[in-house]
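Visitor: Sharing a model prediction with you, sequence too.
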Number of protein chains: 4
Amino acid sequence: MAAPIRVALVGAAGYTGAELLRLLHTHPAVVIEALYGRTTAGKSLAETLPSFAGVPMPSVQVLDAQAAARADFVFLAVPHGTAQTAAAALLAEGARVIDLSADHRFEDPAVYGAIYGTHAHPASLAHTVYGLPERNRTRIAAARLVGCAGCYPTSVILASGPALDAGLVEPEVIADCKSGVSGAGRDPGPGTHFPETSEGLHAYKTLAHRHAPEMSQALGGARVHFVPHLIPMNRGILATVYLRLKPGVTHDALRAIYEKAYKNEAFVTILPAGQHPDTRHVRGTNRCHIGLFGDEGSGLVVVQSVIDNLGKGAASQAIQCMNLMAGLPEDTGLKHTALFP
Amino acid sequence: MAAPIRVALVGAAGYTGAELLRLLHTHPAVVIEALYGRTTAGKSLAETLPSFAGVPMPSVQVLDAQAAARADFVFLAVPHGTAQTAAAALLAEGARVIDLSADHRFEDPAVYGAIYGTHAHPASLAHTVYGLPERNRTRIAAARLVGCAGCYPTSVILASGPALDAGLVEPEVIADCKSGVSGAGRDPGPGTHFPETSEGLHAYKTLAHRHAPEMSQALGGARVHFVPHLIPMNRGILATVYLRLKPGVTHDALRAIYEKAYKNEAFVTILPAGQHPDTRHVRGTNRCHIGLFGDEGSGLVVVQSVIDNLGKGAASQAIQCMNLMAGLPEDTGLKHTALFP
Amino acid sequence: MAAPIRVALVGAAGYTGAELLRLLHTHPAVVIEALYGRTTAGKSLAETLPSFAGVPMPSVQVLDAQAAARADFVFLAVPHGTAQTAAAALLAEGARVIDLSADHRFEDPAVYGAIYGTHAHPASLAHTVYGLPERNRTRIAAARLVGCAGCYPTSVILASGPALDAGLVEPEVIADCKSGVSGAGRDPGPGTHFPETSEGLHAYKTLAHRHAPEMSQALGGARVHFVPHLIPMNRGILATVYLRLKPGVTHDALRAIYEKAYKNEAFVTILPAGQHPDTRHVRGTNRCHIGLFGDEGSGLVVVQSVIDNLGKGAASQAIQCMNLMAGLPEDTGLKHTALFP
Amino acid sequence: MAAPIRVALVGAAGYTGAELLRLLHTHPAVVIEALYGRTTAGKSLAETLPSFAGVPMPSVQVLDAQAAARADFVFLAVPHGTAQTAAAALLAEGARVIDLSADHRFEDPAVYGAIYGTHAHPASLAHTVYGLPERNRTRIAAARLVGCAGCYPTSVILASGPALDAGLVEPEVIADCKSGVSGAGRDPGPGTHFPETSEGLHAYKTLAHRHAPEMSQALGGARVHFVPHLIPMNRGILATVYLRLKPGVTHDALRAIYEKAYKNEAFVTILPAGQHPDTRHVRGTNRCHIGLFGDEGSGLVVVQSVIDNLGKGAASQAIQCMNLMAGLPEDTGLKHTALFP
């Protein structure tokens, strides 16, 4: 057996960090070598994540870029803004970095700046690759720095990419997305307080969410109208995407394009006609289920995709990138099917 | 004080029946005179609805149209197909009937037939009035038979009606609706089994749901693309409606039309710009909150409306109709604000 | 009709305040005259409680005890510690005060102090009456100051009081209670963050919760072992109470005592043998359902009671007290049955 | 590497079957060779379990005992009553059988009969071993037939066993247990219909549940008062167990006994003093967390244990048994930490 891959994780306290640890802990080729955190430094992991009670793990330390860079890969599971500084320090030490924040999703500092504010380390962006393996696995394999795709963008890009790439639909996307609450992170606030989140439903940041330009960039500049909704569940994103067929294009032609696009993908499945994807069937996995629906006698197409926002939308996608970067089979440690029910 | 209004209810076992009873029980002008049911006949109400334990109520009997017609109003809270037969018998006895099923929502038997199958009592349809007071309260006040609007149609018609009526938008509606599970009724089935309904999300009957033609009829024939989703919560509908402004129409003009349309409505509130409606803020009420959102530099408009599917979408709307028919102030017994949280 | 009862509310932002407003708004004998709040002063009520959007209500002001005391009753829905100062000022102005916090539940300052810390206005305690009408309605009717019973204590006292009063059981109570999350209040925190509250379950403050001595005081000094649990739901408390019959006492004798104790109570119902109470059947109400269960051949008795923690456990119980103090029928404005489902 | 272990599964449609497949699919030493089902025979697995869409799996067939017995192990995930017939046929063919139903949990047919009705194959009971490895792993390793422990019994036995075994407490257990809804199985019914399960809580079968005698048998005949509650969540059991210390026994002595009992157990963790176990921290795992609490100055002890009812309470415990029977390290394929959140 080959030598194990040594990984370090920055940001052990949040949900994407927790999900990374869950998956890395059972990854057959990985050893977790170091955990870093700011507020949790000095604590045992189980104090922050009681799901690790009784499980031997490194204790959490303040980030030391030089030490961390001894690992084969460093995962950054920290908020955007914070990740760019850590990444720059790690790159300087020669590390290969997989960033789950938004800090390295745009190669052009100006585009990043327009959405998130000035980037403190624009030089890093020359090295970054957008981390969505189904779209650019070759570049990921060779990357020093990967900026993993956002959760909503992953769901919308996988749902609309094949149709747009093939020019079968107009370059305008209505993306009505529904997400579980873990997507909002682990910091409590009025909007994620249980009694104001359960047994109810609302949209937020209608047509004004930062993930829309990320989608547009990955979809060849298509106009994206994005409305996210908060659903009373922990995990899962359902993207209901509305597209308009170009004149003369049939639904059968569209379905054929999707089946071809994902035929060799381990994690993306086109469901049989008439079957609706459901977030519960991908919970805890790196999988994406897609359903295609047409309106009789109308050019409207509805594409529905489901992912786990912490899985294919974050942590397991990051590990899929790592597998590529390490030359491992892409599904190593990621073969899980959903925790159902 | 005027003599109380005597009401009878057919269908005490289901959720719309239960909600009618809850509201009629505290309605200041109403006496509940008789309860009818098929599977529950002979039982006390509390056996079917333990929420009435300790509350004096008539026991449930097999429907006797002649006896029922002695009430001032008879509510039908039974499945479509069943309601049409009961209604015909009650009308023959001179009763005024308020039907919560789909059986009397279409005045044209052919339209009904195309969606639900042959109507057994097409003559009734000559007497029916569509029960959505904000659209046709004058006709409701004089009606012998009211076919209350469906839950999804209520949410979509209130959200898109003013824009379509005023000709400010193209006559094509994308209605991405999200409903709580009580909308599926009280009969258990695989699709509403708790472990396959909680902690997950899916669409169903994409572009093929029977409520789409009902919406289209009430919206002057506009094309409606309707995708309903099942949300892990008990009550509430959020309709996220996508419309396209006609050239030259501004968002301000649109907002002005909505504010004018609902200025005198007791139950419909246009929220301030930027505020998102939330189903939890109308739970258990006859209220509808509407939010309006525009895309900078694009003709796309997003209108979001929330209702309680069992309230404004069914039971309290039926009582609103009854108040009109009885000459009472429209909000009598319906002043509730939401059970929050 | 008599002149309406004018009420003022201090603490419009929290859940008990919200529930009071919901119930007072439809109370047929009440006018809401003034709203007071600290963080919400200067705002419209709808900004804090969007469920009141479109509903005319007084705007929120900083508390002015002299002005507030012009109301017939002042409700305090503020945290313990804060309520005692407001109550003292209001009493000095001659107001009749109904306090929903823990500040006036103990007549002995030393007992209060041992649990909550030194009371700043011990003189108030000479005027206070414990607000649980089924136990002491006569004293409440005449009170100037009522300290409403806590949510958990209400459930446990109603469940075990008759057996202990009658001396049928040993004076030792195991109270395994389960509460919805609204009982933790409206301030967000890690323990009520949706992803760490939904889809899971835990006990807290095992054998160390402050409500245990309150229960013990109301139960004649019985030893109370109290373990509260946090349930992923918004509202409701189920108390599963374990008692030990004294030698020779039968289950039939026990049931007879409960039926006699609550025979004339509008809000407490003893369910038929074999039927389990369920929080959903009292949601949003002032009702309490009780089930009695015995172990064949053992002295163990299990009494289960359900209430709505914000209703009978807080807001509607406070209004029940107000009705008594105002000489109204006790169930005025409180006839609601549960919002079901 | 050793030859893989070939397994067959009877009952692919239910929740324990689904959980077995999820875990066996990623078990490093296992090959899933055959799937059997009655209602699902002839279908692909993905039709029954969409979480397996896109995952190659054997299709489901009608059980053929002779063919099934060619596997190294056959898992029975079918209802009690059905399992006993399948097991007898499989044993006759020489198979080693792991039964997740209640059919082989009692060695004495008379005990089984008193609870579940006459056993059709009492001869099988001579071969069976109770499947709770922490209690009897040596016998499991050698067994031809294992009757896996029930979900509630697993939680209560692990929580109270060490204290009872050591004679530190009286032989009487109050077990107030709370379970997620998946414990009720996959067949829909009124009691698991989403709107009557979410946002509410109730006990059921108080002091009359069939798992009580199973607990008592495993706990040396201790009297068990068992009250199960249905919690609005999918997975998880929290057992709150009340025990009475024998005179002179200290809480410290009790804690020492628990720590010793579970010191070498991979899946059972005693939490630090003051920390409450939470079902979410063991979701999807074979783990059990235990918290110990004492009442100052009283002999009452509260032990709280959490498991996943489908994991340690069913499927992963069955695989733990299989690992023992196959001579594998006990945690092979079971190292998972919780899916959190």
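Guide: Sure thing, it's come through. Residues are numbered from 1 along each chain as shown, chains lettered A, B, ... in the order given.
Visitor: Who are the contact partners of A:T206?
Guide: A:227, B:276, B:291, B:293, B:302, B:304 (CB atoms under 8 Å, 6 or more residues apart in numbering or on different chains). C-betas here are computed from N, CA, C, even on glycine.
Visitor: if I look at it, how far off is D:N136?
Guide: Distance from A:T206 to D:N136, counting by CB to CB, to the nearest Å: 59 Å.
Visitor: likewise A:K260?
Guide: Using CB to CB, one gets 55 Å for the distance from A:K260 to D:N136.
Visitor: so who does A:G147 touch?
Guide: Contact analysis of A:G147 by CB under 8 Å, 6+ apart lists A:99, A:101-106, A:128-131.
Visitor: Which residue ranges of the stretch 151-300 of chain A form helices?
Guide: Counting by DSSP state H, counting those that start in this stretch, the stretch 151-300 of chain A has helices at residues A:151-165, A:211-218, A:251-262.
Visitor: wouldn't A:C288 be in contact with A:L158 here?
Guide: Yes: under the criterion of CB atoms under 8 Å, A:C288 makes contact with A:L158 at 5.2 Å.
Visitor: So for these two, which residues contact both of them?
Guide: With contacts taken as CB under 8 Å, 6+ apart, A:C288 and A:L158 have A:268, A:305, A:307 as neighbours in common.
Visitor: all strands of the stretch 101-250 of chain A, in order?
Guide: A:128-131, A:145-148, A:172-179, A:202-203, A:223-230, A:237-244 (DSSP state E, counting those that start in this stretch).
Visitor: What are the structural domain limits within chain A?
Guide: A:5-148+A:314-326, A:152-307 (automatic domain parsing).
Visitor: Identify the bridge partners of the residue lying closest to A:R105 once chain neighbours are set aside.
Guide: Closest residue in space to A:R105, ignoring its immediate chain neighbours: A:G147 at 4.2 Å, by CB to CB, 6 or more residues apart in numbering or on different chains. When bridges are called by DSSP bridges, A:G147 pairs up with A:D99, A:Y130.
Visitor: still on that earlier bit, for B:D72, which of the domains of chain A is the nearest?
Guide: domain A:152-307 (35.2 Å; CB to CB).
Visitor: okay, how far is it across the closest one, tip to tip?
Guide: One end of domain A:152-307 to the other measures 9 Å (CA to CA, to the nearest Å).
Visitor: One more: stretch A:294-303?
Guide: Using CA to CA, the two ends of stretch A:294-303 sit 9 Å apart.
Visitor: Identify the residues contacting it?
Guide: Contact partners of stretch A:294-303, identified using CB under 8 Å, 6+ apart, comprise A:159-160, A:163, A:169, A:239-247, A:249, A:251, A:254, A:290-293, B:174, B:206-207, B:223, B:225, B:227.
Visitor: what sits up against stretch A:41-55?
Guide: When contacts are defined by CB under 8 Å, 6+ apart, stretch A:41-55 is touched by residues A:12-13, A:18, A:21-22, A:25, A:35, A:37, A:40, A:57-62, D:268-269, D:271, D:275, D:278, D:280-282, D:285, D:287, D:289, D:337-338, D:340.
Visitor: mean confidence for stretch A:124-140?
Guide: Averaged across stretch A:124-140, pLDDT comes to 97.
Visitor: Kindly report the same for stretch A:175-189.
Guide: Stretch A:175-189 carries an average pLDDT of 97.
Visitor: A:N286 against A:G333, yeah?
Guide: No: the pair A:N286 / A:G333 is not scored as a contact, 9.5 Å apart, by CB under 8 Å.
Visitor: Neighbour count: these two, which is higher?
Guide: Shown here are A:N286 and A:G333; by other CB atoms under 10 Å in any protein chain shown, A:N286 has more neighbours (27 against 22).
Visitor: Distance of that one relative to B:P162?
Guide: To B:P162, A:N286 is 45 Å away according to CB to CB.
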